[in-house]
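> got a sequence here, can you build the structure:
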Amino acid sequence: MDSIHVVCPACDTTNRVPRDRIGEGAVCGKCRTPLLDGRVTTLDAGRFARHLEASGLPVVVDFWAQWCGPCRMMAPHFERAARELATTARLAKLDTEAAPAVAGRYGIRSIPTLIVFRDGREIARRSGAMDAATLVRWVRETVRESAPQPR
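Just a heads-up that it's a prediction; the model follows:
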């Protein structure tokens, strides 16, 4: 059976979910939290690597800061996109003020900056606020273009 690893947004446990049942309400085997409920996951420096490296789903990280007007303006659009992309990608936020070392490692010079990661590696980046429809379209195109090719 083909499965995908999904990191729990609550306890960070890696769970194996059958690919053909990904949209059927999977819950964490450890804490029973829904794995793909369409909510934005909040990351900090400690959780960042775990979610990027262990996730079988692409992870879209919004590098933001509380003082940033465009970041606050985009937040509801990011949440809407997370609901729509729940089984396609994990959407997460990282506060650059709270995790400056992570932001520095990825050369974040302006915010909001969105980076799509697959298997722990950056595959796409875009700076500036986006509405939900544009964000969803960009993520779907990026994920489709970067999908592993069958052998």
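
> any idea how many residues pack against residue 30?
13 (other CB atoms under 10 Å). Quick note: C-beta positions are derived from backbone N, CA and C, even for glycine.

> now it: closest residue in space, sequence neighbours ignored.
Distances taken as CB to CB, 6 or more residues apart in numbering place residue 13 nearest to residue 30, at 4.4 Å, with adjacent residues excluded.

> the one you found: how many residues sit nearby?
Other residues near residue 13 come to 16 when the count uses other CB under 10 Å.

> surely it touches residue 29?
Yes: judged on CB atoms under 8 Å, residue 13 makes contact with residue 29 at a distance of 6.9 Å.

> for this structure, which segments are assigned as strands?
For the chain, the strands defined by DSSP state E occupy 3-7, 14-18, 41-43, 59-64, 90-95, 113-118, 121-127.

> for the longest one, buried residues please.
By that I understand strand 121-127. Residues 124, 125, 126 are the ones in strand 121-127 that count as buried (16 or more other CB atoms under 10 Å).

> including pLDDT and distance to residue 89, could the residues you listed go into CSV?
Output for the buried residues of strand 121-127, formatted as CSV (pLDDT from 0 to 100; distance: CB to CB, whole Å):
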residue, pLDDT, distance to residue 89
124, 97, 11
125, 98, 15
126, 97, 14
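
> who touches residue 71 in this structure?
Going by CB atoms under 8 Å, 6 or more residues apart in numbering, residue 71 touches 62, 64, 65, 111, 112, 129.

> widest-spaced pair of those?
Spatially, the most separated pair among the contacts of residue 71 is 65 and 129, at 13.0 Å (CB to CB).

> which of those two has more neighbours?
Taking neighbours as other CB under 10 Å, residue 65 and residue 129 compare with residue 129 leading, 21 against 16.

> report the distance from stretch 81-96 to the chain centre.
Centre-to-centre, stretch 81-96 and its host chain are 4 Å apart (CA atoms, centre = their mean, to the nearest Å).

> now do the buried residues in that stretch.
81-82, 84-96.

> where does the protein dip in pLDDT?
1, 149-151 (pLDDT under 70).

> let me see the contact set for the closest residue to residue 93 other than its chain neighbours.
Using CB to CB, 6+ apart and skipping residues adjacent in sequence, the residue nearest residue 93 is residue 62, 4.7 Å away. Residue 62 sits next to 40, 71, 74, 78, 91, 92, 93, 94, 112, 113, 114 when contact means CB under 8 Å, 6+ apart.
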